[in-house]
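Trainee: need the 3D shape of this:
(one chain, ligands or ions: 2)
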Amino acid sequence: MALSNGCSCKIGPSILNADLSSLASECQRLMDSGSDYLHLDVMDGHFVPNLTFGHPIVKCLRPKMPGVFFEMHMMVENPERWVEPMADAGANMYTFHYEATSDPVSCIRKIKEAGMKVGLGINPPTDVEVVLPYVDMVDLILVMTVNPGFGGQAFIADCLPKVKYLRDRYKQLDIEVDGGVGPKTIQQCAEVGANVIVSGSALVKHENPRKAIIDMRSIVDEYIQKSQLER
Ligand SMILES: O=C(CO)[C@H](O)[C@H](O)COP(=O)(O)O
Ligand SMILES: [Fe+2]
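Mentor: Ligands and ions are numbered 1, 2, ... in the order given. Alright, predicted model coming up:
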């Protein structure tokens, strides 16, 4: 299962700021509100100054959410290390950071061999050009719009030219934005060409997440249609 191949909007909640003692029901609530997939944030306390959870939690979550696409956002050093345990736990996509490994190609190969889709992420200070050698090997590029490590941070609009740079060159690429994205910032993300949208606290804390998802999707879809007409 792919996410969307750049042709449609996909919205995935990050449950980082949800009540993690009720992880499965929070995930279910957000899927029932119209989400397309789950964005699960894994932090190791080294690559980022925070800890979350690892493959044992994913393994417990998987049978409670059959058929739901799990994207693992791996904010970890040596991402190669957790590829097999995550595949075994039932992850569908493994998104690692360019900054976290000295050998992205072997990490990509390992993820594919384990049967998962591949995402490649870059942090706000990282130049977008670094991903160009890998674009044809991966399923998604993640452009971080906060410095990774915590949910609920302010959106960094200065990262958006990186999305535009990629969209101008790759019409079919799934380009994901993550960090501070919600109804207030979605327009800026959509107009530069982001189509895979992670939204954490803005959705988790929203009084009507279903409406927030519908509104965000309609804005992203509008820009996708506009760009298809312009081609
Ligand atoms: O990767 C992340 C942080 O490193 C989270 O996915 C991201 O921050 C989402 O949460 P929010 O929308 O609250 O910023
Ligand atoms: Fe994330």
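
Trainee: CA only for contacts and neighbour counts going forward, please
Mentor: Noted.

Trainee: what helices or strands is whatever helix or strand residue 225 lives in leaning on?
Mentor: Using DSSP states H and E, residue 225 sits within helix 209-230. Packing partners of helix 209-230 (3 or more C-alpha pairs under 8 Å, 6 or more residues apart in numbering; DSSP states H and E): strand 10-13, helix 186-192, helix 201-204.

Trainee: please redo it, this time with the cut-off set to 7 Å
Mentor: helix 186-192 (3 or more C-alpha pairs under 7 Å, 6 or more residues apart in numbering; DSSP states H and E).

Trainee: show me where the protein has strands.
Mentor: Under the criterion DSSP state E, the chain contains strands at 10-13, 38-43, 70-75, 93-97, 117-122, 140-144, 174-178, 196-199.

Trainee: nearest to ligand 1, out of those?
Mentor: strand 196-199 (4.3 Å; C-alpha to the nearest ligand atom).

Trainee: got the CA positions of that closest one in PDB?
Mentor: Presented in PDB, the C-alpha positions along strand 196-199 are these (Å, rounded to 0.1, in the frame of the first residue of the first chain):
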ATOM      1  CA  VAL A 196       0.900  14.400   2.900                       C
ATOM      2  CA  ILE A 197       0.000  16.200   6.000                       C
ATOM      3  CA  VAL A 198       1.000  15.400   9.600                       C
ATOM      4  CA  SER A 199      -1.000  17.200  12.200                       C
END
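
Trainee: tell me how far that strand is from the chain's mean position?
Mentor: For strand 196-199, the gap between its own C-alpha mean and the chain's C-alpha mean amounts to 6 Å (C-alpha atoms, centre = their mean, to the nearest Å).

Trainee: with adjacent residues omitted, what lies nearest to residue 55?
Mentor: Excluding its sequence neighbours, the residue lying closest to residue 55 (C-alpha to C-alpha, 6 or more residues apart in numbering) is residue 86, at 5.4 Å.

Trainee: just to check, the one you found is in contact with residue 56?
Mentor: No - counting by C-alpha atoms under 7 Å, residue 86 sits too far from residue 56 to count as a contact (8.6 Å).
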